[in-house]
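Q: the sequence and its predicted three-dimensional model are supplied below.
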Amino acid sequence: MFRGTATPKLDDKFRLALPAKYRDELTNLVTVTCEIERCLGVYRRDDFDRKMQAYNDAPTTLRAVRDFQRYMQSGAEDVTPDGQGRITLTAAQRDYAGLGKEVVVIGSGDHLEVWDPALWADYRTRLVEQFTDFDGQIVPTTS
């Protein structure tokens, strides 16, 4: 599981140096994709494929299924970290997430997320407000 926060910078070739504490987990092929909240997700390739399998198995007669498959897969790129643990983010990915040189990388369970610092700060503020005094159900139960 990935957890924690780091604030690396993209270099002049738009490479992201994966934070050292995550590098051992991300030495092979990884998938970088555009996530729902305008950030990028960095997954171990096998984890991304497993996550997408549920959508690939869903009935494609449902437009929402087709739309989500297209959304997630079209923004995804497979990359192998170089010897220094860097991955290159595409122009389309950087544009989607509004990334400049400074980024925030957060651990989000089975993947990392790469955020624009201002977007992350705004989002994090909303999370703090939502969960500081939270007293309710997070995971829906099935009846």
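A: Here it is on my side, so go on. Residues are numbered from 1 along each chain as shown.

Q: only C-alpha atoms for contact and neighbour calcs from this point on.
A: Fine.

Q: which sections of this structure are below the confidence cut-off?
A: Scanning the chain for pLDDT under 70 picks out 143.

Q: which residue is nearest the middle of it?
A: Gly41 (1.5 Å; Cα atoms, centre = their mean).

Q: can you give me phi and psi for the closest residue to it other than its chain neighbours?
A: Leaving aside its sequence neighbours, Gly41 sits nearest to Glu113 (Cα to Cα, 6 or more residues apart in numbering; 4.6 Å). The phi and psi values for Glu113, taken as degrees, to the nearest 10, are phi -120, psi 140.

Q: kindly report the same for Asp78.
A: Backbone torsions for Asp78, taken as degrees, to the nearest 10, come to phi -90, psi 130.

Q: can you name the residues bridging to it?
A: As for beta bridges, Asp78 partners with Thr31 under DSSP bridges.

Q: make 13 the first number, not 1, from now on.
A: With the count now opening at 13, the last piece we talked about shows up as Asp90.

Q: my guess is Ser120 contacts Phe14. True?
A: Yes - counting by Cα atoms under 8 Å, Phe14 is a contact partner of Ser120 at 5.7 Å.

Q: the residue nearest to the centre of the chain reaches Gly119, doesn't it?
A: No - using Cα under 8 Å as the test, Gly53 is too far from Gly119 to be in contact (9.9 Å).

Q: hey, what's in contact with both of the two?
A: Common contacts of Gly53 and Gly119, defined by Cα atoms under 8 Å, 6 or more residues apart in numbering, comprise Glu125.

Q: what sits against Ala70?
A: Val77.

Q: just confirm the residue nearest to the centre of the chain is within a helix.
A: No - Gly53: not assigned to a helix; according to DSSP: H, G, I helix; E, B strand; the rest coil it is strand.

Q: residues near Arg82, how many?
A: Using other Cα atoms under 10 Å, Arg82 is surrounded by 12 other residues.

Q: counting neighbours, which bits of the helix or strand hosting it end up buried?
A: Assessed by DSSP states H and E, Arg82 sits inside helix 75-86. Neighbour-count burial for helix 75-86, counted by 16 or more other Cα atoms under 10 Å, picks out Val77, Gln81.

Q: all good on my end, thank you.
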